[in-house]
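Enquirer: just need the structure, nothing else, for what follows:
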Amino acid sequence: MLVGQRPAAGDRRYRDISGPDGVPDGVINDFDRTIIGSAQPDFIWGLNNELSFRGISLSFFFQGSQGNEMANMNLLNLENVNGQQNVLAEAGLNRWTPQNPSNRYARALATATDNVFSSRFIEDASYVRLKNLTLGYSLPAPLLERIKVSNVRIYASATNLWTLTNYSGYDPEGNAYGASTNLVGVDDGNYPQAKTYLLGINLGF
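Expert: Numbering: from 1, shown residues only. Next up is the predicted model:
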């Protein structure tokens, strides 16, 4: 619907929370603003361990966050079928029309007030992530004596190897404002954390 007007067929519908007198007045405007989410998690956790057997070692680090929410601004832009920017094919092709009365995507309107920020774009960003996994092998002492070195360790490591989340964006850890601790929980299509692989050798003489 257009902000400040009554809804028509195919418009998004917003809850009328309040009015100038503190009671709903049937008009969607600034009086209907309210808190709709929180970027602060209920709790965060981590699990780190290392297993070793006869020179072979396996270490892993899991981390997770539970209860935090994300404002998916990227989704807001990509579902905005106002004809002014790129849009998801699904949102454009399946938008509401009299022949396709979609309940997910609104009708196309060339107005900035139709696609306002709402709880539609607040998502649960809880996640579990395998942050690091390292597999290594240290050569045995008799072999080290023969090659005249004190230590040789060969290892393979991976970061951000696996993530479990219901968040629809690129990265549940993402933040449009970088490392800011005051502005968190906003995803504007920022680049996700990279999945990396590393092979290495540690030598001690």
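Enquirer: residue contacts, residue 188?
Expert: Taking C-beta atoms under 8 Å, 6 or more residues apart in numbering, we find residue 188 in contact with 73, 74, 176. The way it works is simple: take the backbone N, C-alpha and C, and place the C-beta from them, glycine included.
Enquirer: who's in contact with the second one?
Expert: If a contact means C-beta under 8 Å, 6+ apart, then residue 74 has 169, 170, 187, 188, 189 as its contacts.
Enquirer: do a quick rundown of the strands in the protein.
Expert: Per DSSP state E, the chain carries strands over the ranges 43-53, 56-66, 69-72, 122-124, 127-138, 151-165, 186-187, 196-204.
Enquirer: most tightly packed of the ones you listed?
Expert: Of the strands of the chain, the one with the most neighbours on average (mean count of other C-beta atoms under 10 Å) is strand 69-72, at a mean of 23.
Enquirer: paired strands for that one, with orientation please.
Expert: strand 122-124 (antiparallel), strand 186-187 (parallel) (DSSP bridges).
Enquirer: just give me the residue right at the centre of the chain.
Expert: Central residue of the chain (C-alpha atoms, centre = their mean): residue 172, 2.5 Å from the mean position.
Enquirer: which stretches of this structure have low pLDDT?
Expert: Counting by pLDDT under 70, the chain shows low-confidence ranges at 1-7, 111-114.
Enquirer: quick check: the residue of the chain positioned farthest from its centre vs residue 140, distance?
Expert: Distance to the chain centre peaks in the chain at residue 146, reaching 51.7 Å (criterion: C-alpha atoms, centre = their mean). Relative to residue 140, residue 146 is positioned 10 Å away (C-beta to C-beta, to the nearest Å).
Enquirer: got it, and residue 76?
Expert: 58 Å.
Enquirer: between these two, which has more neighbouring residues?
Expert: More crowded of residue 76 and residue 140, by other C-beta atoms under 10 Å: residue 76, with 16 against 11.
Enquirer: residue 97 is nearest to which of the strands of the chain?
Expert: Relative to residue 97, the nearest member of the strands of the chain by C-beta to C-beta is strand 69-72, separated by 25.0 Å.
Enquirer: show me what the closest one is in contact with.
Expert: Contacting residues not belonging to strand 69-72 are listed as 37-39, 117, 121-125, 167-169, 172, 174, 185-187 [C-beta under 8 Å, 6+ apart].
Enquirer: if we go to 10 Å?
Expert: Contact with strand 69-72 is made by 36-41, 78-79, 117, 119-126, 165, 167-169, 171-176, 184-189, as judged by C-beta atoms under 10 Å, 6 or more residues apart in numbering.
Enquirer: with that, I have no additional questions.
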